[in-house]
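[1] Compute the structure for the input listed below.
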Amino acid sequence: MLLKPLQGDLANGWYTTAYKFIDGLVIIPSLFTLAIFPVLARYAERGGDALLRAYTMSLRALLMVAMPLTIGITLLAERIILLFFGEEYAPAGTALLILIWFLPFSFINSLTQYVLIAVNQQRFLTFAFVLGAAFNIAANLVLIPLYSYLGAAVTTVLSEVVLLTPFLYGVWKHVGKVPLWEVAWRPVLASLAMGVVVWWLQPINLVAVVALGAVVYGALL
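    Numbering: from 1, shown residues only. Now for the predicted structure:
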C-alpha cells in the first residue's frame, strides 16, 4: 500500500516477488499453532505450569524449523530468485535475503499470540497489534523514500521484532518466564554451522546444496 505509490511498480514487484516465499513459509506455524491450540486452551484452564511447558516445547519445535530455513535462504536467496523467476527479477534476491529474517520472529509470534488468547489476553493483543501497525507505517514512511523496496523489507522484519516485545512481556506476566536461550541455542548453533557448509558448497548444484545442508543440520542438531 505504501511501496507502490512511493516507489512505483518496479520496486513493488521486486518486493512482492521476494515476499511470495515468506507467504508460503508462514503456513508452517499457522497450521502447527491451530493444531495445538485446543491443548493450550485446556492447559490454561487447568492452571499450573503445564501451559508454559507446552509453549516452551512448541517454541523449540518451531525454531528448529525456522532457523535453518533462515540461514539457508540468506545464503542462497539470489540463486533461489534466479531459479524461479529469472535474471530480470535478480534485485528481488537482495529483498529475500533481508525478508527471510522475518521468519523466526514470525514463527514465535504466531504461536505466542494464541498462548495469550488461551489466557484471555485479547485486549492486550489488540494493543500489541496497534503498536506494531503504527511502527510499521511510520518506519515505511521513513525508509521507503530512502531505500525503496529494501527499506520496506527491513521494516517488515523490524515490525515483527517490535510485535514480539509486548508479546513476550504478556507471556512472562500471564504464563511464566520463557527460557529463550535454552530453547534457541541448539537450533541457532546447528544452523550457523550448517550455514558454513552451505556457503562452502555454493558453487555446486542448488538442489545438492540444500540436501547436504539439511543432512548436516539434522546431524548437528
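[2] going forward, measure contacts between C-alpha atoms and count neighbours the same way
    Will do.
[3] list the contacts for the residue sitting nearest the centre point of the chain?
    The residue lying closest to the centre of the chain (CA atoms, centre = their mean) is residue 103, at 1.4 Å. Counting by CA atoms under 8 Å, 6 or more residues apart in numbering, residue 103 touches 22, 25, 26, 66, 70.
[4] what do you get if the cut-off is 10 Å, keeping everything else the same?
    Contacts for residue 103 were tallied using CA atoms under 10 Å, 6 or more residues apart in numbering; they are 22, 25-26, 29, 63, 65-67, 69-70, 109, 157, 160.
[5] So which of those residues is the closest to residue 168?
    residue 109 (8.7 Å; CA to CA).
[6] So the closest one is in contact with residue 171, correct?
    No - Residue 109 is not in contact with residue 171 according to CA atoms under 10 Å; the separation is 11.1 Å.
[7] anything in contact with each of those two?
    Counting by CA under 10 Å, 6+ apart, the residues touching both residue 109 and residue 171 are residue 115.
[8] what's the longest helix in the protein?
    helix 122-174 (DSSP state H).
[9] Just name whatever secondary elements that helix is in contact with.
    helix 3-7, helix 9-25, helix 50-85, helix 92-99, helix 102-118 (3 or more CA pairs under 10 Å, 6 or more residues apart in numbering; DSSP states H and E).
[10] how far does the last one sit from the chain's center?
    If you compare the mean C-alpha spot of helix 102-118 with that of the full chain, they lie 10 Å apart, counting by CA atoms, centre = their mean, to the nearest Å.
[11] Then stretch 19-26?
    The answer for stretch 19-26 is 10 Å, by CA atoms, centre = their mean.
[12] now stretch 29-42
    Worked out by CA atoms, centre = their mean, stretch 29-42 lies 18 Å from the chain centre.
[13] Name the residues of it that come out as buried.
    29, 32, 33, 37, 40, 41 (16 or more other CA atoms under 10 Å).
[14] what's next to it, contact-wise?
    27, 43-44, 50-52, 54-55, 58-59, 61-63, 65-66, 103, 106-120.
[15] Name only those of those that count as buried.
    43-44, 50-52, 54-55, 58-59, 61-63, 65-66, 103, 106-119.
[16] show me what contacts residue 89?
    Contacts of residue 89 (CA under 10 Å, 6+ apart): 10, 13, 14, 15, 17, 18, 78, 81, 82.
[17] Nearest to residue 183 among the residues you listed?
    Closest to residue 183 out of those is residue 18 (28.9 Å), distances taken as CA to CA.
[18] And the closest one, what's its pLDDT?
    Looking at residue 18, its pLDDT reads 96.
[19] Use 44 as the first number for this chain going forward.
    Sure thing, new numbering starts at 44, so read that last one as residue 61.
[20] Once you drop chain neighbours, what's closest to it?
    Leaving aside its chain neighbours, residue 61 sits nearest to residue 139 (4.8 Å; criterion: CA to CA, 6 or more residues apart in numbering).
[21] Could you tell me how many residues sit around the one you found?
    Other residues near residue 139 number 29, with proximity taken as other CA atoms under 10 Å.
[22] Check the gap between it and residue 101 for me.
    26 Å (CA to CA, to the nearest Å).
[23] ditto for residue 164
    Distance from residue 164 to residue 101, by CA to CA: 19 Å.
[24] Ok, residue 186 next?
    Counting by CA to CA - residue 186 and residue 101 are separated by 34 Å.
[25] related to what we said a few turns ago, show me the contacts for the residue nearest to residue 61.
    57-65, 116-117, 119-121, 123-124, 145, 193, 196.
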